[in-house]
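Novice: Pasting a predicted model and its sequence here:
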Amino acid sequence: MDWTTGSWTTEPAHVALADDGIHVTAREGSDAWRTTSYGFVHDTEHALLAPFEQGTAVEVQFRLDFTHQFDQAGVFVRVDAATWTKAGVELSDGTESLGAVVTRDVSDWSLAPVPDWAGRLVTIRASRSGDALTVRARADDEAWRLVRVAPLDAGATVQAGPFCCAPSRPGLTVHFTSWRVGDADSALHTDS
């Protein structure tokens with residue numbers, strides 16, 4: 001995908017195109033969350049979105065270089081303000097963690113530590129097939145890990161693309177190295 005193809009949900013503090021991708025600097029306090037446990041609604045994520053068609057997958061790759069609580073980047077999949085999924089890596093309580101937030105009016109959150117991913121190229125892949133969104137991730141060229149299978153209305157108009165947020169500090173700059181669209185995964189399980 002061309003980095004100028006999509007449109008931002010919230011303009012970042014700074015965007016710089018480079019030969020090897022795009023550098024996105026998040027605004028302090030940027031985040032995406034709805035209600036659960038915290039009681040607030042944040043819809044200030046920096047997501048560069050383009051149409052996400054049925055039967056396709058979107059892949060986003062970035063260099064994992066986080067230093068502050070809740071620094072995050074990955075793939076954002078949006079139906080509307082109350083129906084979206086963000087999946088990627090987030091620095092939570094001092095550890096890089098792979099996870100997803102699935103929001104249907106209220107948000108949920110799942111995380112799994114991946115401290116050995118620090119400093120590496122991380123790819124997050126979201127596949128849209130039927131009534132499901134399947135999210136996988138990997139560092140460098142390792143095997144794909146299943147992150148989440150979530151419901152996604154088969155007939156919905158959906159957008160997806162790279163995102164980043166910096167809820168707790170200014171100055172987070174994420175180096176996204178690629179944004180690709182291709183065919184959705186053919187099966188949920190790799191041995192199918």
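Specialist: Good, I have the coordinates. Numbers count the residues shown, from 1 in each chain.
Novice: Find the nearest non-adjacent residue to Thr5, please.
Specialist: Computed as CB to CB, 6 or more residues apart in numbering, the closest residue to Thr5 that is not its neighbour in sequence is Ala50, at 5.2 Å. Heads up, the C-betas are built off the backbone N, CA and C, glycines and all.
Novice: wait, that neighbour sits on Val158?
Specialist: No - between Ala50 and Val158 there is no contact under CB atoms under 8 Å: 10.3 Å.
Novice: Please say which of those two ends up with more neighbours.
Specialist: Counted by other CB atoms under 10 Å, Ala50 and Val158 do not tie: Val158 has more neighbours, with 24 against 16.
Novice: so what's that one up against?
Specialist: Shown in contact with Val158 (CB atoms under 8 Å, 6 or more residues apart in numbering): Pro51, Phe52, Glu53, Val77, Arg78, Val79, Arg128, Leu152.
Novice: OK, contacts around the first one?
Specialist: The one in question is Pro51. Going by CB under 8 Å, 6+ apart, Pro51 touches Thr157, Val158, Gln159.
Novice: make it 10 Å
Specialist: Contact partners of Pro51, counting by CB atoms under 10 Å, 6 or more residues apart in numbering, are Thr5, Gly6, Thr157, Val158, Gln159, Ala160, Gly161, Val181.
Novice: Just the buried subset of the contacts of Val158, please.
Specialist: Among these, the ones that count as buried by 16 or more other CB atoms under 10 Å are Phe52, Val77, Arg78, Val79, Arg128, Leu152.
Novice: tally of neighbours for Thr44?
Specialist: Counted with other CB under 10 Å, residues neighbouring Thr44 total 16.
Novice: Was I right to think it contacts Phe163?
Specialist: No - Thr44 is beyond contact range of Phe163, at 11.0 Å (criterion: CB atoms under 10 Å).
Novice: who touches both of the two?
Specialist: Common neighbours of Thr44 and Phe163 (CB under 10 Å, 6+ apart) are Thr9, Thr10, Ala26, Ser30, Ala32.
Novice: circling back to that earlier point, isn't the residue nearest to Thr5 right next to Trp8, touching?
Specialist: No - the pair Ala50 / Trp8 is not scored as a contact, 11.2 Å apart, by CB under 10 Å.
Novice: Overlap in contacts, these two.
Specialist: Joint contacts of Ala50 and Trp8 (CB under 10 Å, 6+ apart) are Gly161.
Novice: Report the central residue of this structure.
Specialist: In the chain, the residue lying closest to the centroid (CA atoms, centre = their mean) is Val75, at 2.2 Å.
Novice: quick one: average pLDDT of the helix or strand containing it?
Specialist: In the assignment (DSSP states H and E), Val75 maps to strand 72-80. Here strand 72-80 scores 98 as its mean pLDDT.
Novice: do you know how far the nearest residue to Arg78 once chain neighbours are set aside is from Ala166?
Specialist: In space, and not counting its chain neighbours, Arg78 is closest to Trp84: 4.4 Å by CB to CB, 6+ apart. Counting by CB to CB, to the nearest Å, the separation of Trp84 from Ala166 is 18 Å.
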